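Student: sequence isn't available, so here's the structure alone:
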């Protein structure tokens, strides 16, 4: 599938096959989840990042099925570059109506970055001024977990983390995705 | 009709003949073919066991379809299996498989030097099989 | 057409859903011109791998049957991929008495339906079951677990009703 076809597919699924709700409701819901975690965990932002990632992971495990059902993709991606293209143009488009820029490929084609020019989760957000959050909290870390969970279900083990965030005063919001390995098909257990 | 390949399996699931006639299947090693033959032999037996109907004497797998090919399996009363691989949506592989069986009976079984159950190395069989299958493409 | 049974296997090769419909025992097997030569005796004499199983007709328990079905689809799927490359996929097979239809998602969920032999390929129908029933009623049910060990979460009422309705429409 060519890159432009994917862009069209993402557009089409977003327009005609996606139920939509008010964006502010999503933003506020996500915001209150993060804020509550920060409170419950007493400002242990490393732990907050971890919990967000875990929640995202559980969402990803399910969301992939909705993604495949709606996008009607039947074939696995031929390589990791294709995977990146699908994540950006179909996945992000379909669920968040944004198309992150794919950048900074490593020479072995196993690592790339997604640059989120806009981030619906982070609208209206200003990180707390406690001297820690700015350096430790990855506010949108749930996205990392979603990608990790979704790719695991299609036999890719990946590492996903944020390397910069506009909320922290960086120039861009950048997620780094690394392919660790392709997971082999599981074999049936031999119980004879 | 394009026939890709013909395989013949003996009673024990051993591969005794394999030949490609037209491109369509992957090139795989002789050893891989042996494994496929053995696997298929086992699968064939199980497919007759999992029949959901109450009819007795359920046959094993007869036709297998994939996106890229269709395979007709014909098992003789003597337990030999003929597998014909062809391009998808071929309605009448039955005729082909019958004819291949006849050729086998003529040029393999009637050859006094052919040892039953052993791999088939017969120039006559090769030639006649090719003459029958090739022109149909 | 007649639908006999329906199975779902997950990526851990475990059977997470079984459904069986009563067959009308009165329907005789349709005569298959070329299937005749294959008799029970020739089939069982060659069935070396399974010969030790007590063959009391087809009275296998559904769990045993599911295990055998999985063995078959798994082997055939791998065989097809070996013969025709990784983007080919196994669609269906038929014997003289039934037809087995197969659909696999990219996430390695496997949907299997056994019908009578006159039924056309059901890949699209199985795909619809995945999209319209499995994803909607199982995956999106927030209270159902993500993994369905022992079938937990799959056999919910909405899904069951959906399957029943669907099978009725394709029959």
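Tutor: Looks like it arrived, so ask away. Computed from a predicted model, the values in this text were never measured in an experiment.
Student: could you list the low-pLDDT ranges of the chain?
Tutor: No chain in the question, so chain A it is. A:190-192 (pLDDT under 70).
Student: wrong one, chain C
Tutor: In chain C (pLDDT under 70), the answer is C:23-59.
Student: which residues of it lie near chain A?
Tutor: Contact residues (C-beta under 8 Å from any C-beta of the partner chain) of chain C with chain A: C:11-13, C:70-71, C:74, C:87, C:105-109, C:130-131, C:134-135, C:139-140, C:146. (C-beta placed from N, C-alpha, C; glycine too.)
Student: please identify the buried residues of stretch A:25-34?
Tutor: For stretch A:25-34, the neighbour count (16 or more other C-beta atoms under 10 Å in any protein chain shown) marks A:27, A:30-31, A:34 as buried.
Student: now intersect these with the helices, please.
Tutor: Counting by DSSP state H, the part of these found in helices is A:27, A:30-31, A:34.
Student: what's the closest of the buried residues of stretch A:25-34 to residue B:31?
Tutor: The nearest member of the buried residues of stretch A:25-34 to residue B:31, counting by C-beta to C-beta, is residue A:30 at 55.3 Å.
Student: next one: stretch C:132-151 to chain centre, how far?
Tutor: With C-alpha atoms, centre = their mean, to the nearest Å as the basis, stretch C:132-151 stands 19 Å off its chain's centre.
Student: re the thing from before, just the ones of the residues of chain C next to chain A in helices?
Tutor: C:70-71, C:74.
Student: list the contacts for the residue nearest the centre of chain A?
Tutor: Compute the mean C-alpha point of chain A, and by C-alpha atoms, centre = their mean the closest residue is residue A:143, 3.5 Å away. For residue A:143, the contacting residues are A:56, A:121, A:160, A:175, by C-beta atoms under 8 Å, 6 or more residues apart in numbering or on different chains.
Student: so the third one sits against residue A:177, correct?
Tutor: Think residue A:160. Yes - assessed by C-beta atoms under 8 Å, residue A:160 is found in contact with residue A:177 at 5.1 Å.
Student: which residues do these two both contact?
Tutor: residue A:147.
Student: on that earlier part again, got CSV for the contacts of residue A:143, with distance to chain B, neighbour count and secondary structure too?
Tutor: Listed next are these as CSV, based on distance: C-beta to the nearest C-beta, whole Å; neighbours: other C-beta atoms under 10 Å in any protein chain shown; DSSP: H, G, I helix; E, B strand; the rest coil:
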residue, distance to chain B, neighbour count, secondary structure
A:56, 35, 23, helix
A:121, 40, 19, helix
A:160, 33, 22, strand
A:175, 35, 23, strand
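Student: which one of those is nearest chain C?
Tutor: residue A:56 (13.0 Å; C-beta to the nearest C-beta).
Student: ok, the closest one - contacts?
Tutor: Counting by C-beta under 8 Å, 6+ apart, residue A:56 has contacts A:141-149.
Student: please apply the same query to residue A:97.
Tutor: When contacts are counted by C-beta under 8 Å, 6+ apart, residue A:97 touches A:14, A:120.
Student: make it 7 Å
Tutor: Applying C-beta atoms under 7 Å, 6 or more residues apart in numbering or on different chains, one finds that residue A:97 lies in contact with residue A:14.
Student: gap between the residue in chain A positioned nearest to chain B and chain C?
Tutor: Closest contact between chain A and chain B, by C-beta to the nearest C-beta, is at residue A:74 (9.8 Å). Distance, residue A:74 to chain C, using C-beta to the nearest C-beta, to the nearest Å: 7 Å.
Student: strands of the chain, start to end?
Tutor: Defaulting to chain A. A:101-103, A:111-115, A:156-164, A:174-182 (DSSP state E).
Student: chain C, not that one
Tutor: For chain C, the strands defined by DSSP E cover C:3-9, C:15-20, C:90-94, C:99-104, C:110-115.
Student: how about chain B?
Tutor: Taking DSSP E, the strands of chain B run over residues B:3-9, B:15-20, B:63-66, B:70-75, B:81-86.
Student: low-confidence ranges, chain B, go.
Tutor: Ranges of chain B meeting pLDDT under 70: B:55-58, B:136-137.
Student: go ahead and confirm residue A:179 touches residue A:155.
Tutor: No - using C-beta atoms under 7 Å, residue A:179 is not in contact with residue A:155; the gap is 11.0 Å.
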